[in-house]
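Student: Turn this into a model:
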Amino acid sequence: MKPSTHKDIARAIFQKYEIRPSSESVNILTDILELHNVKYRTLIQQPGDLVSRFYYIERGLVRVFHTDPTNNTDIVDDFFKEKDMLITADLFTENAAKLSVNTIEPTFAFAFSYASLQRLALENRDFNNLLCAILGEYILHKEEYINLLSLPLQDRYKTMSRKYGTIIWRSPSKSIASYLKMRSETLSRIRTSLNNEDSNS
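Tutor: The predicted structure is shown next:
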């Protein structure tokens, strides 16, 4: 499978946020997009990097994580899949990255500069709307995750299954357990319990 053209991706990004751009705006966004064809289990970002870009994922799946220095364990902070805008908190600081991002599947990601988008937003209403929509979505996504972690363990898994089922079956169980802040053994018991409920219903 080949990636879409840069212009098709530019249109898809505006469409994702329900913005009807001018032809000029589509052309401008097309010109600043950079395709990254990333293989399976490849780092897109690692600690120490200077983070300056958004990534629109056309195909694939990635995880955001950090490493617990006490036991050298990876702690999963987020997942991003097709049609998601990959953003990490490191983007909004002037410090070196603390988070890592790697692919769970081969991924087509189209990158564009946060600084460029900020500059364009001052000159062009379409890009002002786009920037506001991207940042608003990011904030809501983080609030949703905080609400998810406030639920009992089984409800966390059930909610994620309902909203992001494809992420669950495409990701390693260890990563899902880490994201939901539970032990792998707990996740296995929850899955077994829910499967038994389904088979008995």
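Student: the helices in the chain, which residues?
Tutor: Ranges of helices in the chain, per DSSP state H, are 6-16, 23-32, 114-121, 125-149, 153-170, 173-179, 184-200.
Student: Can you name the residues that contact the residue positioned nearest the centre of the chain?
Tutor: The residue lying closest to the centre of the chain (CA atoms, centre = their mean) is F80, at 2.7 Å. By CB atoms under 8 Å, 6 or more residues apart in numbering, the residues touching F80 are Y55, I57, L61, V62, R63, V64, L86. (Glycine included, C-beta is placed from N, CA and C.)
Student: In TSV: the helices of the chain, plus mean pLDDT.
Tutor: Formatted as TSV, those follow (pLDDT from 0 to 100):
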stretch	mean pLDDT
helix 6-16	98
helix 23-32	98
helix 114-121	97
helix 125-149	97
helix 153-170	95
helix 173-179	97
helix 184-200	86
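Student: Export those as CSV, with columns for mean neighbour count and distance to I44.
Tutor: Supplementary listing: the helices of the chain in CSV, determined by neighbours: other CB atoms under 10 Å; distance: least, CB to CB, whole Å:
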stretch, mean neighbour count, distance to I44
helix 6-16, 17, 17
helix 23-32, 16, 18
helix 114-121, 15, 15
helix 125-149, 15, 17
helix 153-170, 15, 17
helix 173-179, 19, 16
helix 184-200, 12, 25
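Student: residue contacts, T107?
Tutor: With contact taken as CB under 8 Å, 6+ apart, T107 is in contact with H36, N37, V38, I57, R59, G60, L61, V62.
Student: Tell me what it is bridged to.
Tutor: Counting by DSSP bridges, T107 is bridged to V38.
Student: Now do it, the pLDDT please.
Tutor: If you check T107, the pLDDT there is 98.
Student: mind checking how far it is from V51?
Tutor: Shown here: T107 relative to V51, a distance of 17 Å by CB to CB, to the nearest Å.
Student: what does R156 give?
Tutor: Distance from R156 to V51, by CB to CB: 28 Å.
Student: Tell me if I'm right that K181 and L148 touch.
Tutor: No: with contact defined as CB atoms under 8 Å, K181 does not count as touching L148 (9.3 Å).
Student: where do the contact lists of these two overlap?
Tutor: R156.
Student: how near is the residue nearest to the centre of the chain to I57?
Tutor: Counting by CB to CB - F80 and I57 are separated by 6 Å.
Student: Distance from stretch 55-72 to the middle of the chain?
Tutor: On the basis of CA atoms, centre = their mean, to the nearest Å, stretch 55-72 sits 9 Å off its chain's mean C-alpha point.
Student: cool, stretch 39-56 as well?
Tutor: Centre to centre, stretch against its chain (CA atoms, centre = their mean), the figure for stretch 39-56 is 11 Å.
Student: Rounded mean pLDDT for that stretch, please.
Tutor: On average, stretch 39-56 scores 96.
Student: contact partners of it?
Tutor: The contact list for stretch 39-56 (CB under 8 Å, 6+ apart) reads 9, 12-13, 16, 33, 36, 38, 62, 66-67, 80, 83-88, 90-91, 96-106, 109-115, 117, 134.
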